[in-house]
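Peer 1: sequence and predicted structure, then a few things I'm wondering about:
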Amino acid sequence: TNFLTWKEQIGIVLGVMDLDHALRTDTPTAITAQSTTEQKASYEKWELSNRMSLMIMKSSISVAIRGAIPNSNNAKTYLSSVEEQFKGSSKAHASTLIMKMLTTRYDGTSGVLEHIMMINDMASK
């Protein structure tokens, strides 16, 4: 499906660029005056990864689809929202295809091979 392909491509791009840290780890605690240097570095790495991941994900989604996805400042949450949006549209698409397959009949004017290929194409979706 389109979503699974998109998610895989996003994972590859972010992984190669070493920006998938925000997707692999939970949000760290905010930096305070008592935070150690290691905690500050970890938070800054997560913050950069989160910001860049969001930009890359949002830029790879069409504007029409992006409008239906709730905005989030967390890359992991945004990815979950995209996945939820896909599940709803996937069910509607499957329902439409099933109805089309049930109501499609051979009309006798086109070739039998064309009809079989059309049904086969619907079944593969």
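Peer 2: The structure has been received and is ready for your questions.
Peer 1: what is the burial count for Leu48?
Peer 2: Burial measure for Leu48: 14 neighbouring residues, criterion other C-beta atoms under 10 Å. For every residue, glycine as well, the C-beta is placed using N, CA and C.
Peer 1: need the per-residue pLDDT for the residue nearest to it when sequence neighbours are not counted.
Peer 2: Here the nearest residue to Leu48 in space, its sequence neighbours aside, is Leu19; by C-beta to C-beta, 6 or more residues apart in numbering that works out to 7.6 Å. Here, the pLDDT recorded for Leu19 equals 94.
Peer 1: same deal with Ala92?
Peer 2: Reading off the confidence values, Ala92 has pLDDT 69.
Peer 1: quick one on the thing from earlier: in three-state terms, label the residue nearest to Leu48 for me.
Peer 2: Classification of Leu19 into helix, strand or coil gives coil, according to DSSP: H, G, I helix; E, B strand; the rest coil.
Peer 1: give me the helices and strands touching the lowest-mean-pLDDT helix or strand in the chain, please.
Peer 2: Ranked by mean pLDDT, DSSP states H and E, the weakest helix or strand in the chain is helix 112-124, scoring a mean of 75. Helices and strands touching helix 112-124, as assessed by 3 or more C-beta pairs under 8 Å, 6 or more residues apart in numbering; DSSP states H and E, comprise helix 75-103.
Peer 1: tilt between the helix it packs on and helix 112-124?
Peer 2: Here helix 75-103 runs at 150 degrees with respect to helix 112-124, directions being taken by axes from the mean of the first three to the mean of the last three C-alpha atoms, to 10 degrees.
Peer 1: show me what helix 75-103 is packed up against.
Peer 2: For helix 75-103, the packing partners by 3+ C-beta pairs under 8 Å, 6+ apart are helix 2-16, helix 21-24, helix 37-59, helix 112-124.
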